[in-house]
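J.: fold the following.
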Amino acid sequence: MKVVSLVLVLTACGGCAANPAAFLSQALVDDVSLAQARNAADVYIGSTVRWGGVVTEVENKADKTWVFVVGRELRDDEKPITDGDSEGRFIASFDGFVDPLVYKSGRPLTVVGSIEGSTVRAIGEYDYRFPVVAVRDSYLWEEPVKTKVIYAPAPRYDYYYYHPYPYSRRRW
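T.: Have a look, this model is predicted:
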């Protein structure tokens with residue numbers, strides 16, 4: 001009996017290790033896309049959403065923090081796809097202080113929360129309408145690892161290198 005319960009506990013822990021943000025997939029959310037909320041945020045106030053993307057900027061206020069996010073499509077494990085198209089941008093509103101060095105530009109972020117309205121901010125000279133999400137749960141993913149692939153040329157076959165001396169100079 002102890003062995004069976006140990007196996008069950010290890011299996012349950014192993015399932016959580018495969019998806020560290022499993023609690024985000026269990027949240028019940030409304031079917032509101034970022035594009036819909038951006039066009040008519042007042043209609044969707046109070047709707048619960050699960051959105052993700054890449055952090056661009058952090059703005060700390062007196063009692064809350066706004067994290068600006070470029071919205072991206074979520075994979076099955078709720079991690080944002082860091083490249084490709086975007087439906088727009090949104091603001092994740094956290095209660096309290098969020099460290100800008102931890103939530104730095106380029107980090108993937110997934111949030112679950114309710115839409116609390118929208119605000120207009122400038123991106124360059126363009127006035128952009130950001131839906132604001134009051135964050136209930138979130139997961140900050142590890143930074144994408146940039147790898148450099150170096151291709152080495154294939155080794156050449158040198159007849160004189162692979163044969164011992166007396167046989168290397170012999171003509172066939």
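
J.: ok, and the closest non-adjacent residue to the residue nearest the centre of the chain?
T.: Among the residues of the chain, the one closest to the centroid is residue 108, at 3.0 Å (Cα atoms, centre = their mean). Using Cβ to Cβ, 6 or more residues apart in numbering and skipping residues adjacent in sequence, the residue nearest residue 108 is residue 141, 4.0 Å away. To be clear about C-beta, it is placed using only N, CA and C from the backbone, and glycine gets the same treatment.

J.: which parts of this structure are helices?
T.: 2-18, 22-25, 34-39, 159-162, 165-168 (DSSP state H).

J.: out of everything not next to it in sequence, what's closest to residue 122?
T.: residue 128 (7.1 Å).

J.: what sits against the one you found?
T.: 89, 120-122 (Cβ atoms under 8 Å, 6 or more residues apart in numbering).

J.: just for the chain, where's the confidence low?
T.: By pLDDT under 70, the low-scoring segments of the chain are 1-19, 21, 152-172.

J.: 50 instead?
T.: Across the chain, the ranges flagged by pLDDT under 50 are 3-4, 6-8, 10, 14, 16.

J.: how about the strands in it?
T.: 48-60, 64-72, 89-95, 108-123, 126-140 (DSSP state E).

J.: reformat those strands as TSV; add distance to residue 35.
T.: Below are the strands of the chain laid out as TSV (distance: least, Cβ to Cβ, whole Å):
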stretch	distance to residue 35
strand 48-60	11
strand 64-72	9
strand 89-95	11
strand 108-123	13
strand 126-140	10
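
J.: of all those strands, which one comes closest to residue 37?
T.: strand 126-140 (4.1 Å; Cβ to Cβ).

J.: this completes my enquiry, with thanks.
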